[in-house]
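> The following block contains a protein sequence and its predicted model.
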Amino acid sequence: PEPTPWWREAVFYQVYPRSFRDADGDGVGDIRGIISKLDHLHDLGVDCVWLSPVFKSPNQDMGYDVSDYRDVNEEMGTLEDLDALIAGCHERGMRLILDLVVNHTSDQHEWFRKAVADPAGRYGGYYFMVEGDPDTPPNNWTSFFSGSGWSWIPEAKRWVLHLFADGQVDLNWDNSDVRDEVADIVSFWMQRGIDGFRLDVINYISKREGLPDGHPFIGDILEFTGVEHYFYGPRLHEFLRGLRRDGFTRRERPASTPRRRLPDGTLGDPLPPDMIGVMVGETPGIGMELGRLLSGYGRGEMDLIFNFDVLDNPGHTRWDSYRYKLYYLKRFYRAYDSHLAPNDWIAVFLDNHDNPRMLSKFGMGRERDPQVRTAIGKMLATIQLTMRGTPFLFQGQELAAINQEFSGVDELRDVESINRHDALMGRGMTPEAAWGQILAGSRDHSRVPMRWTRDGGFTDGTPWLVGTDDEPGFSAEEQVADPDSVYSWHKALIALRRQHRSLTIGALRWVHPHHKFYFAYIRSLGDEKFLIECNTSSKRRKRPHVGGRIVPVMGGPRRDVMEPWEATVSRIR
Ligand code: TEU
């Protein structure tokens, strides 16, 4: 049988560099700051770091608007710093993947400047630039950040398409020069030693020919009009296969390779280089079926994708204030389980830099009580780190980070929140209702600085975004020191995964699958069997019966009742 690829057994950890650690005191996190905290990640047991963009960028969308894919933004450091980060990860037996944002570039990228200067020339063909009447956009597509998806560029006398902010202009992937450029960027970084990429909105790269109007029943005035013409476009599969073939397959020896991590946690010799980088797709709107076609085993496209259906209960969006039900999450994973072929694999995530904290969506204020916060934080970690698939933690989850009590829109920095607030007010919504939506859904909840010490520890200067949580006990220094903390729970679970492969690549069988509050399953590989049990309700409950000789491993003695949000891991002998 083929060996299990490393990324199936790895724990990934997303670093949002702007908010991780600021080494030079300018209030913005940087690469030197990340290097200074690599031991935190290594001690936690992280196998692979995913770095949100650090490339040159005017930051209209905080780095997701790239103006040079081969250089580092000044506030983040230098190219040498990034090389040092790659080496620092590899020395600790960790890998590093970067964020590839190539559905669009910044309007400050030299390709776009050249396109504006000479729209009929080579670079004009890199984008969707359309002649016409300056009062009427070429179609009715909307931007995800409110308003039309088109901007008029007076110098070029043309419209340009941007599915996100007006400074994020969409690349025309139908042009083979664009595809070659992207493959070159990937090869450039592969050669420097990175271990793969997370691919930003990668399912949006193929747009339907002729850019037809979106159906008026799909989407609303604020967003999503036109989405059916690009969320699973006609040439998507072809483009992904081409990108894997031309960019992700390493041709020469990379500058650096990670050290082998032995089962007991110690480090061995450097590993032989992977010839292929891992491709993790960010694929909003792709359900299970299409998702399988993009990442199914042996299809030669992506290795893992994020399915965003986990983030909200059906009938809700992230702009609604509602209590997330974990029963739905269970239904989601159960459905996934029955849809996947035996060798298919998924990314398991609950938080990222684009969403409020799951701990708060589920807690809905109850998590302001430190004990509740700890219990829910451990329960969510238990599910995420023992579910079948590859876990992607987002920075702060290990500290039980929660949503922020922002006081108003002027405390926010995210273009999406700010634009949406304006748009809602412009449509006559009351200030309370508009702010209610933004406070429920703002991406800035997850982007506040990491709390390294009791009173901050992120920067010596003024942080670029306020952080309002000052609950004692939830900073990194306090969490690391406390054996009963959410951090220590994460660390213990990750160590257990490393020792017992049933918890990573083993089969999963649901126990009492239809039970309303009891979220439980058995992971098994050969004779090794683990039982994972969570009480997702806020009440003390009788523990449902499970047969076999059950020996508790994590969560204390196994009693007849389960406390609110109790999570336990046991061995079945
Ligand atoms: O996000 C894409 C995406 O579709 C959403 O999750 C996004 O947050 C938006 O709110 C849709 O309504 C990716 C990045 O993760 C995000 O940070 C970027 O802003 C976006 O692409 C554009 O590059």
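Great, that's in hand. Numbers count the residues shown, from 1 in each chain.
> Pull the contacting residues for the closest residue to the ligand within the stretch 351-500 of the chain.
Nearest residue of the stretch 351-500 of the chain to the ligand (C-beta to the nearest ligand atom) works out as Asp354 at 3.4 Å. Just so you know, the C-beta spots here come from the backbone N, C-alpha and C atoms, and that holds for glycine as well. Applying C-beta atoms under 8 Å, 6 or more residues apart in numbering to Asp354 gives the contacts Arg443, Ser446.
> helix/strand/coil for it?
Assigned by DSSP: H, G, I helix; E, B strand; the rest coil, the conformation of Asp354 is coil.
> Strands along the stretch 1-150 of the chain, start to end?
Listed in chain order, the strands of the stretch 1-150 of the chain (DSSP state E, counting those that start in this stretch) span 12-15, 48-51, 55-56, 68-72, 95-100, 104-106, 129-130, 150-153.
> how does this protein divide up, domain by domain?
Domains of the chain are assigned by automatic domain parsing as 9-103+177-200+237-356+443-467, 104-170+212-234, 408-441, 505-572.
> Now the third one: average pLDDT?
Along domain 408-441, the predicted local confidence has a mean pLDDT of 97.
> That one near the ligand anywhere?
Yes - Domain 408-441 reaches the ligand (C-beta under 6 Å from any ligand atom) through Glu416.
> So which bits of that domain are buried?
For domain 408-441, burial by neighbour count (16 or more other C-beta atoms under 10 Å) applies to 409, 412-421, 423-424, 434-441.
> now it, how far from the chain's geometric center?
Taking the mean of its C-alpha atoms, domain 408-441 sits 23 Å from the chain's own mean (C-alpha atoms, centre = their mean, to the nearest Å).
> Skip the chain neighbours and tell me the closest residue to Ile97.
Of all residues not flanking Ile97 in the chain, Gly196 sits nearest, at 4.3 Å (C-beta to C-beta, 6 or more residues apart in numbering).
> For the one you found, give me its contacts.
Going by C-beta under 8 Å, 6+ apart, the list of residues near Gly196 reads Trp7, Arg95, Ile97, Phe248, Gly277, Val278, Met279, Val280, Asp303.
> In helices, which of those appear?
Those of those mapping onto helices are Trp7, per DSSP state H.
> can you pull out the helices in the stretch 51-200 of the chain?
Along the stretch 51-200 of the chain, counting by DSSP state H, counting those that start in this stretch, helices occupy 79-91, 110-117, 176-192.
> remind me which residues of this protein are low pLDDT?
1, 221 (pLDDT under 70).
> Let me see the contact set for the nearest residue to Asp180 once chain neighbours are set aside.
Once flanking residues are discounted, Asp180 sits nearest to Asp246: 7.5 Å by C-beta to C-beta, 6+ apart. The contact partners of Asp246, taken as C-beta under 8 Å, 6+ apart, are Arg179, Asp180, Ala183, Val186, Ser187.
> among these, which ones are buried?
Arg179, Ala183, Val186, Ser187.
> Pipe those residues into JSON lines and attach distance to the ligand per row.
Converted to JSON lines, the buried ones among the contacts of Asp246 look like this (distance: C-beta to the nearest ligand atom, whole Å):
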{"residue": "Arg179", "distance to the ligand": "19"}
{"residue": "Ala183", "distance to the ligand": "20"}
{"residue": "Val186", "distance to the ligand": "17"}
{"residue": "Ser187", "distance to the ligand": "22"}
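> Reformat those as CSV; add distance to Ile205.
Listed next are the buried ones among the contacts of Asp246 as CSV, based on distance: C-beta to C-beta, whole Å:
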residue, distance to Ile205
Arg179, 9
Ala183, 13
Val186, 14
Ser187, 18
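> Closest to Gly25 out of those residues?
Nearest to Gly25 out of the buried ones among the contacts of Asp246 is Val186 (C-beta to C-beta; 33.9 Å).
> what's the neighbour count on Asp469?
For Asp469, the neighbour count with other C-beta atoms under 10 Å is 17.
> Also Val553?
If we define neighbours as other C-beta under 10 Å, then Val553 has 16 of them.
> For my notes, confirm it occurs in a helix.
No - under three-state DSSP, Val553 sits outside any helix and is assigned strand.
> ok, now which ones touch it?
Contacts of Val553 (C-beta under 8 Å, 6+ apart): Leu496, Phe530, Val569, Ser570, Arg571.
> In the residues you listed, find the pair that's most separated.
Those two in these that are separated most widely, counting by C-beta to C-beta, are Leu496 and Ser570, at 11.4 Å.
> Any residues of the stretch 51-200 of the chain in contact with the ligand? List them.
Residues of the stretch 51-200 of the chain that fall close to the ligand, judged by C-beta under 6 Å from any ligand atom: Asp61, Tyr64, Val101, Phe144, Phe164, Asp200.
> are any of the residues you listed buried, and which?
Of these, these count as buried by 16+ other C-beta under 10 Å: Asp61, Tyr64, Val101, Phe144, Phe164, Asp200.
> Going by distance to Ala520, which of these wins?
Looking across these and measuring by C-beta to C-beta, the closest to Ala520 is Asp200, at 35.5 Å.
> so that closest one sits right up against Val101, yeah?
Yes - between Asp200 and Val101 there is a contact under C-beta atoms under 8 Å: 4.2 Å.
> list residues touching both of the two?
Common contact partners of Asp200 and Val101 (C-beta under 8 Å, 6+ apart): Tyr64.
> What's the local residue count around Ala117?
Neighbours of Ala117 under the rule other C-beta under 10 Å: 12.
> Please report how far it lies from Ala156.
8 Å (C-beta to C-beta, to the nearest Å).
> which one of the contacts of Asp246 is nearest Ser488?
Ser488 lies nearest to Val186 out of the contacts of Asp246, by C-beta to C-beta, at 37.9 Å.
> Please list all residues in contact with that closest one.
Applying C-beta under 8 Å, 6+ apart, one finds that Val186 lies in contact with Leu100, Phe197, Leu243, Asp246, Gly247, Phe248, Gly277.
> Then Gly408?
Applying C-beta under 8 Å, 6+ apart, the residues near Gly408 are Trp435.
> Relative to Ala120, how far out is it?
For Gly408 relative to Ala120 (C-beta to C-beta), the value is 47 Å.
> Check Tyr69 too.
In terms of C-beta to C-beta, Tyr69 sits 25 Å off from Ala120.
> Have a look at the two and say which one is more surrounded.
Tyr69 (21 against 10).
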